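*Asks:* I need the structure of the sequence given here:
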Amino acid sequence: MNKDPEVSVLMAAFNERRYIRKSVQSILDQTFSDWELVVVDDGSTDGTQSVLQSLAGKYPEKIRVCRNAANFGLAASLNKGLALCNGRYIARMDADDWCYPRRLEKQVRFMESHPLIDVLGTGAVVIGQDGHMKNMVLLPESHEDIEAAALKRAMFFHPSVMARESFFENAGGYGTEFARAEDLELWLRGLACGCRYHNLGEALIQYRSNGYIRSHKSVFAKFDSRLRLCHRYGYHGRAIYAFIALAKSLLVKYRLYVPRAVRGSAS
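*Replies:* Residues are numbered from 1 along each chain as shown. The predicted model follows:
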């Protein structure tokens, strides 16, 4: 294992045996080669661990796997993985998503030429559970536009981001008290610390979504987290968007509304 790679790709996985091999392969296929992959298996029970061990055995110089004794959740797993990362840049990746081959190359190139940017995201091609393309979604690009989007719409596709190691030193790791909003809380905390953001205006990942939310618990947990984040970071005027998101989530859950991102194929 290279102890000082340029990029550490950080992934947490829970019961992702169906998709994780393809996800890891998309990292192996990157045109940028100076990376390590750190995967935290969050107590999977479906054979995910055996797939990961097989891949790590085949590519021991590139892939490092650790396993939680139980399912501790995404934030705790990512924090555990962060402690193992050695790269100058930390690139997030989800176990059911897929990267285009030049993702890391393009993000590293941008970060090298824009030293004031702390976190860089990309657009995404949204795919369904069957892998078929639904739509391509681009997010606000400039720091100012991303900040203006906070708590109104997505600031980043979480599995698309690349952040400097110094970002996590300044802003800290993932908070565990905001269920289903761990990434949003981190971006808001980063803004409060004076960190600078950007999104590339192209899709460099495939982001898997079926457009539906599984339980009332997850819907109201996210709503509660968004309300508390509005209060914590002083976005009181944007609390209305938490209620709008709650209404949309309930309509989506009962299949009365289909999110724009998954309505159909983009040209």
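*Asks:* Please name every helix or strand in contact with the strand or helix carrying Ile244.
*Replies:* According to DSSP states H and E, Ile244 maps onto helix 239-253. On a contact count with 3 or more Cβ pairs under 8 Å, 6 or more residues apart in numbering; DSSP states H and E, helix 239-253 meets helix 216-232. All C-beta spots, glycine's among them, are computed from the backbone N, C-alpha and C.
*Asks:* one step back: buried stuff in the helix holding Ile244?
*Replies:* For helix 239-253, the neighbour count (16 or more other Cβ atoms under 10 Å) marks 241-242, 245-246, 249-250, 252-253 as buried.
*Asks:* and it with helix 216-232, angle?
*Replies:* With axes from the mean of the first three to the mean of the last three Cα atoms, to 10 degrees applied, the angle from helix 239-253 to helix 216-232 works out at 170 degrees.
*Asks:* Contacts for helix 239-253 next, please.
*Replies:* Contact with helix 239-253 is made by 151-152, 211-213, 216, 219-220, 222-223, 226-227, 230-231, 257-259, as judged by Cβ atoms under 8 Å, 6 or more residues apart in numbering.
*Asks:* what's the spacing between that helix and its chain's center?
*Replies:* Centroid displacement of helix 239-253 relative to its chain, using Cα atoms, centre = their mean, to the nearest Å, is 21 Å.
*Asks:* Same question for stretch 131-143.
*Replies:* 13 Å.
*Asks:* what about the stretch 101-250 of the chain, any weak spots by pLDDT?
*Replies:* 210-214 (pLDDT under 70).
*Asks:* for it, what spans make up the helices?
*Replies:* Taking DSSP state H, counting those that start in this stretch as the criterion, the stretch 101-250 of the chain contains helices spanning 103-113, 143-149, 165-171, 182-192, 216-232, 239-253.
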